[in-house]
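Trainee: what shape does this take:
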Amino acid sequence: MSQHAPQPLRLVDLRQRSLAFINESDADSYYAASVVNGYLNDAYLEMVASNPNTAIEDVWSFTAAADRRNYPLPIGFLKAARVLYGGRQVSPGSTRDMDFWSAGSGWPTLYDIWGGNLMFGPVPPSEAKAVDVYHLREPALMTDDDDEPYGVPNFLRAGLYYYACGMLLAGMGDTQGTDTKMMARFKEYCERYIKWKLYSGRDEYQVVRDASNSPSATIYGTGY
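Mentor: Numbering: from 1, shown residues only. Here you go, the predicted structure:
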């Protein structure tokens, strides 16, 4: 007998399972689809972004303008893992360092995150350079029915459904404690996600490693 991989759980699948748990459906429900979707997205954010070390891995690439120090962070930015300016690694620094503010005729040697900006120091030279920022970010919310919780493997996506069930039951005035049990199950899935994200081997999951103190360290990709 041939075996088939399970179909990935999408927003519509998670919503329909949540509604089915309270004997309702998309076609006949007291709750609007947007309400259930909101619960699922709340769970998604809590699972993925509550710990900055387990958030979504991404690369922010742009061209630094001549003589410009500050660059607004992309939406959802949480933590920088490695910054490359013109292909060279830039070390994390502090705006409290006097050298950070000096005018530069060479390449920046430091960066800092301050006031919603990525800041270079000293001031970059009068030449545009490519910048690559390996970082962790919040997930983009699911809005369309075919959207999937990016970054969460299929075997852990059911955790989002448990959260939504708990919220729906609480809203219905559950007196059996089932809502509490659903939330406990969701917390279990969050713990499993953290362990999977932090401790999986390279063959199972590619991790952006913090190489700020190790120039020879390797930055792995963002494959999911």
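Trainee: show me the contacts for residue 25.
Mentor: Residues counted as contacts of residue 25 (Cβ atoms under 8 Å, 6 or more residues apart in numbering) are 16, 19. Heads up, the C-betas are built off the backbone N, CA and C, glycines and all.
Trainee: name the SS class of it, please.
Mentor: What DSSP: H, G, I helix; E, B strand; the rest coil gives for residue 25 is coil.
Trainee: mind checking how far it is from residue 170?
Mentor: With distances taken as Cβ to Cβ, to the nearest Å, residue 25 is found 20 Å from residue 170.
Trainee: what do you get for residue 63?
Mentor: Distance from residue 63 to residue 170, by Cβ to Cβ: 49 Å.
Trainee: ok, and the closest non-adjacent residue to residue 188?
Mentor: Distance criterion Cβ to Cβ, 6 or more residues apart in numbering; nearest residue to residue 188, sequence neighbours excluded, is residue 159 at 7.6 Å.
Trainee: so what's the residue count around residue 10?
Mentor: Residue 10 is flanked by 17 other residues according to other Cβ atoms under 10 Å.
Trainee: so for it, what's the pLDDT?
Mentor: Per-residue confidence at residue 10 stands at 96 (pLDDT).
Trainee: ok, now residue 6?
Mentor: On pLDDT, residue 6 comes in at 74.
Trainee: now do the same contact list for the residue nearest to residue 188.
Mentor: Contact analysis of residue 159 by Cβ under 8 Å, 6+ apart lists 43, 47, 185, 186, 188, 189, 190, 192, 193.
Trainee: by neighbours, which of those wins?
Mentor: When neighbours are taken as other Cβ under 10 Å, the top entry among those is residue 47 (28 neighbours).
Trainee: which strand or helix spans it?
Mentor: Per DSSP states H and E, residue 47 falls inside helix 33-49.
Trainee: list the buried residues of whatever helix or strand comes next after that helix.
Mentor: Once the chain leaves helix 33-49, the next helix or strand it forms, by DSSP H and E, is strand 56-64. Across strand 56-64, burial judged by 16 or more other Cβ atoms under 10 Å covers 56, 57, 58, 60, 64.
Trainee: who's the residue nearest to the third one when sequence neighbours are not counted bridged to?
Mentor: Across the structure, with Cβ to Cβ, 6+ apart as the measure, the residue nearest residue 58 apart from its sequence neighbours is residue 137 (5.3 Å). In this entry, residue 137 is beta-bridged to residue 56, residue 77, by DSSP bridges.
Trainee: residue 137 - how many residues pack around it?
Mentor: Using other Cβ under 10 Å, residue 137 has 21 neighbouring residues.
Trainee: now it: how far from residue 166?
Mentor: From residue 137 to residue 166 the distance is 27 Å (Cβ to Cβ).
Trainee: the chain: strands as residue ranges?
Mentor: 56-64, 70-72, 77-85, 88-92, 110-114, 117-121, 129-137 (DSSP state E).
Trainee: any idea of the pLDDT on residue 138?
Mentor: 91.
Trainee: and the nearest residue to it once chain neighbours are set aside, its phi and psi?
Mentor: Excluding the flanking residues, the one nearest residue 138 by Cβ to Cβ, 6+ apart is residue 76, at 3.7 Å. Dihedral pair for residue 76: phi 90, psi 0, per degrees, to the nearest 10.
Trainee: for residue 76, what are its contacts?
Mentor: Counting by Cβ under 8 Å, 6+ apart, the residues that residue 76 touches are 137, 138, 139, 140.
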